[in-house]
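Peer 1: Test case, fold it:
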Amino acid sequence: MSVTKLDIAKRLAEFAELPDDAIIPEPVAAALLGMSTDTYRRASPLPRHRIAKRLVGIRAGDLRALVRAHDDRAQGPAHHDAQEPLKTNNISAA
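Peer 2: Numbering: from 1, shown residues only. Next up is the predicted model:
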């Protein structure tokens with residue numbers, strides 16, 4: 001069982017409506033993250049779930065959490081809450 005480009009496009013369009021427990025094939029997850037399937041397989045920290053004999057996927061909720069974490073890091077300190085001080089190293093110049 002392989003995932004075609006048409007399948008990927010259809011699943012990308014439906015991704016927002018999927019429940020967190022839905023299993024997304026790796027090619028769809030890779031497309032959502034903007035990388036090739038091979039790169040995704042090497043780099044992904046997410047747990048894999050067998051969909052079929054030759055098809056593996058990940059939970060939609062896990063993928064959403066990964067994207068949120070990446071977006072939070074990408075925004076950096078400029079988007080940090082002004083009420084909370086930035087954490088710094090406790091190194092003093094004595």
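Peer 1: Tally up the residues packed near Ala52, please.
Peer 2: For Ala52, the count of nearby residues is 10 (other CB atoms under 10 Å). Heads up, the C-betas are built off the backbone N, CA and C, glycines and all.
Peer 1: likewise Thr37?
Peer 2: By other CB under 10 Å, 16 other residues sit near Thr37.
Peer 1: What separation is there between it and Ser44?
Peer 2: Distance of Thr37 to Ser44, computed by CB to CB, to the nearest Å: 10 Å.
Peer 1: Could you do Asp20 as well?
Peer 2: When Asp20 is compared with Ser44 (using CB to CB), they lie 17 Å apart.
Peer 1: repeat for Lys5
Peer 2: On the measure of CB to CB, Lys5 and Ser44 end up 20 Å apart.
Peer 1: Which one's more surrounded, the two?
Peer 2: Shown here are Lys5 and Ser44; by other CB under 10 Å, Ser44 has more neighbours (18 against 9).
Peer 1: how far away is the more buried one from Leu66?
Peer 2: Distance check for Ser44 against Leu66: by CB to CB, it reads 8 Å.
Peer 1: Now for Ser58: which residues touch it?
Peer 2: Slight slip there: residue 58 is Ile, not Ser. Taking CB atoms under 8 Å, 6 or more residues apart in numbering, we find Ile58 in contact with Ile23, Ile24, Glu26, Ala29, Ser44, Leu46, Pro47, Arg48, His49.
Peer 1: For burial, what's the neighbour tally of the fourth one?
Peer 2: Right, the one you point to is Ala29. Each residue near Ala29 was counted by other CB under 10 Å, and the total is 28.
Peer 1: right, and it touches Arg59 too?
Peer 2: No. The pair Ala29 and Arg59 does not pass the contact test of CB atoms under 8 Å, sitting 9.8 Å apart.
Peer 1: Spell out which residues are contacts of both of these two.
Peer 2: In terms of CB under 8 Å, 6+ apart, Ala29 and Arg59 are both contacted by the residues Leu46.
Peer 1: quick one: low-confidence ranges for this protein?
Peer 2: Across the chain, the stretches falling below the confidence threshold (pLDDT under 70) are 1-2, 74-94.
Peer 1: need the helices for it, in chain order.
Peer 2: Ranges of helices in the chain, per DSSP state H, are 5-14, 26-33, 37-43, 60-75.
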